[in-house]
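# Sequence and computational prediction follow.
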Amino acid sequence: MSPTMEPDETATSATDDEPGTEAAVEPTEAEATTTAASTEAAAAPAEAVAAEPAPATDRLLDLFTLGALLALTVPLVVALISAGQQHWYPTGDMAQAELHMRGFFRHPPLVGAAGRIGSILTPYGQGSHPGPAMWVAMLPVYLLFGRSSFGLMAAVTVVQLAFIVLTVWLVRRMAGSLAGLVVGCVAALLVHSLGAAVFIEPWNPWLGIFAFFACIAAGWGVLCGRHRWLWVAATTGTFAVQCHAGYIPLVGALLAVLTVLTLWRWRRDRPAGYGRWWWGAVGAFVVMWIPPLIDQWRRSPGNARILFHHFTATTEDDGRARSYIGVTKALKAFVGEFSVTGPWVRGAFRQPYEPPNWLTFLLAVAVVAAALVVLRRLPVAQRRSLVLLFGLLGGSVLIGLFATSRIFGEFYSYVVIWW
């Protein structure tokens, strides 16, 4: 990191190479307040250094993390090879995906997969999800395997694994080797619970899952002062949105907060090099949205207008007043997912309207409460980044509840798979 980082983020410059050194920020802030706070802050670095794993321990934890990543990769490769033993003829949404890939160079895709957005029988017509990031990401592997149906499945596997590895790497850089190992183990658990289909089927709701996780990890880094990660949050978040429009409220809110925070820090401190990363993030974001803008310009109505009309209309295509599932059903869906033995552990996909298990939900709440108690006992410097993480996740939950309450039409599990 540049030494010209803002004063309250100077310690994060060291974390670009090794995490766990954020405690160095506390003496400067505390000395600017009171003598008592200064004494407490001066002790924080020593505590953080004492708590930081030794290099040998770090290397051991990193090896365990690699083991977890290998453990989740092996079954996916086996499933991919097994699926490749038979010639696969995609149908339905999978056929649509292969048509996009086969015609990539003759008819470059400007939008995402068609979804339950509008209808060919309505004036606005059939709509698609926002953008073509999914097709672009899968293209290299698809071409590598000779533009075959197997290549399509292999491309999905590679893209999903890439986002998992990116998320683990980001968390490891933010919070250390132990945190990276924890996220790697959670990723392995998710691979088990989600099943092979999420990693070999070119279905757009699947492709946004781990991209959104990477966006959350990068957003956490930006909140903690790693402004260089803004472009990572922008690109991974845009990828998730272009895969499925359901991510728009979650990613849109996160990127809006990161944008305001970054501009405020820039205006406050004017650090050297800050503008370069800001404009890099803006450039990456704009480039990813050029194809949808071209689509909107070339045809009428463009896909962006169809999307806007579909999500802002007050009536259904047949003229009936539009009804939303409401807050009660949204909470019910959340309770069913936020559970110590929920689908993310057991692997059984549940429909969001099914009765939830309130006991396991309360156990999950107790775990979070215990984590908050432990958080209060940590040194100030370590506590700060974790408070920001809890705030980010809590805010995402609130936005997710609001977005879920505004769902209309059939309520399927894949619509809220980000829970």
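Everything's here; your move.
# contacts and neighbour counts: CA atoms only from here.
Will do.
# and the helix or strand containing residue 364, which residues are buried?
Counting by DSSP states H and E, the element that carries residue 364 is helix 358-376. For helix 358-376, burial by neighbour count (16 or more other CA atoms under 10 Å) applies to 360, 361, 364, 375.
# Go through these and say which is closest to residue 308.
residue 361 (35.5 Å; CA to CA).
# Where does the prediction get shaky in this structure?
1-54, 119-124, 346-350, 419 (pLDDT under 70).
# hmm, back to that, can you put the buried residues of helix 358-376 in CSV and add distance to residue 266?
Shown next, in CSV, are the buried residues of helix 358-376 (distance: CA to CA, whole Å):
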residue, distance to residue 266
360, 44
361, 41
364, 39
375, 30
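# any idea which helix or strand comes after the one helix or strand residue 193 maps to?
Counting by DSSP H and E, the element that carries residue 193 is helix 177-194. Note on helix 177-194: by DSSP H and E, the next helix or strand toward the C-terminus is helix 197-200.
# And the contacts of that following helix?
76, 80, 152, 153, 154, 155, 156, 157, 160, 206, 207 (CA atoms under 8 Å, 6 or more residues apart in numbering).
# returning to what we had before: could you name the helices and strands sitting against the helix holding residue 364?
Using 3 or more CA pairs under 8 Å, 6 or more residues apart in numbering; DSSP states H and E as the contact test, the elements touching helix 358-376 are helix 326-337, helix 380-405.
# In terms of residue numbering, what are the domains of this protein?
According to automatic domain parsing, the chain comprises the domains 1-52, 64-308, 323-419.
# Of the ones you listed, which is nearest residue 58?
Taking the domains of the chain one by one with CA to CA, domain 64-308 is closest: 5.7 Å.
# what's the span of the closest one, first residue to last?
46 Å (CA to CA, to the nearest Å).
# Pairing partners for whichever strand in the chain runs longest, with directions?
In the chain, taking DSSP state E as the definition, the longest strand is strand 114-118. Partners of strand 114-118 in the sheet, by DSSP bridges, are strand 126-128 (antiparallel).
# what helix or strand is the closest residue to residue 133 other than its chain neighbours on?
Spatial nearest neighbour of residue 133, chain neighbours left out: residue 239 (5.6 Å); criterion: CA to CA, 6 or more residues apart in numbering. Per DSSP H and E: residue 239 is located in helix 230-243.
# Does anything pack onto that helix? Which helices or strands?
Helix 230-243 packs on helix 133-144, helix 204-207, helix 209-223, helix 248-269, helix 274-298, going by 3+ CA pairs under 8 Å, 6+ apart.
# The helix or strand just after the longest one versus helix 274-298: what angle between them?
Later in the chain than helix 274-298, the nearest helix or strand by DSSP H and E is helix 303-312. With axes from the mean of the first three to the mean of the last three CA atoms, to 10 degrees defining the directions, helix 303-312 sits at 90 degrees from helix 274-298.
# Identify the residues contacting helix 303-312?
111, 117-118, 124-130, 292-293, 295-296.
# can we see that at 10 Å?
Residues outside helix 303-312 that contact it (CA atoms under 10 Å, 6 or more residues apart in numbering) are 110-112, 116-119, 123-131, 245, 292-293, 295-297, 300, 313, 316-317, 406-408.
# from the chain's centre, how far out does the helix or strand harbouring residue 164 sit?
Counting by DSSP H and E, the element that carries residue 164 is helix 149-175. Helix 149-175 has its C-alpha centroid displaced from the chain centroid by 12 Å (CA atoms, centre = their mean, to the nearest Å).
# and if you look at stretch 380-387?
On CA atoms, centre = their mean, the centre of stretch 380-387 falls 22 Å from that of its chain.
# try stretch 320-332
Per CA atoms, centre = their mean, the centroid offset for stretch 320-332 relative to its chain is 25 Å.
# For it, buried residues please.
325, 326, 329, 330, 331, 332.
# Extract the C-alpha trace of that stretch and format it as CSV.
Extracted in CSV, the C-alpha atoms of stretch 320-332 (Å, rounded to 0.1, in the frame of the first residue of the first chain):
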residue,chain,number,x,y,z
ARG,A,320,-54.3,-7.9,-12.4
ALA,A,321,-53.0,-5.7,-9.6
ARG,A,322,-49.5,-6.9,-8.6
SER,A,323,-49.1,-8.5,-5.2
TYR,A,324,-45.9,-9.0,-3.3
ILE,A,325,-45.1,-11.7,-0.8
GLY,A,326,-44.7,-9.2,2.0
VAL,A,327,-42.6,-8.9,5.1
THR,A,328,-44.0,-11.9,6.9
LYS,A,329,-43.2,-14.4,4.2
ALA,A,330,-39.8,-12.7,3.7
LEU,A,331,-39.0,-13.2,7.4
LYS,A,332,-40.2,-16.8,7.2
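# got the contact list for that stretch?
Here stretch 320-332 has contacts from 313-316, 333-335, 337, 352-358, 400-411, 416, using CA under 10 Å, 6+ apart.
# Quick check on the residues you listed: which are buried?
333-335, 337, 352, 356-357, 400-405, 407, 411, 416.
# rewinding a little: and of the helices and strands packed on helix 230-243, who's closest to residue 168?
helix 209-223 (8.3 Å).
# Where is the longest helix in this structure?
helix 55-84 (DSSP state H).
# Could you check the angle it makes with helix 177-194?
20 degrees.
# if I pick residue 297, what's in contact with it?
291, 303, 304.
# Around the second one, how many other residues sit close by?
Same thing as residue 303. Neighbouring residues of residue 303 were enumerated by other CA atoms under 10 Å; the total is 27.
# cool, and the first one?
The burial count assigned to residue 291 is 19, neighbours taken as other CA under 10 Å.
# Can you tell me how far it is from residue 231?
The gap separating residue 291 from residue 231 is 19 Å, by CA to CA.
# The last one now?
According to CA to CA, residue 304 and residue 231 sit 23 Å apart.
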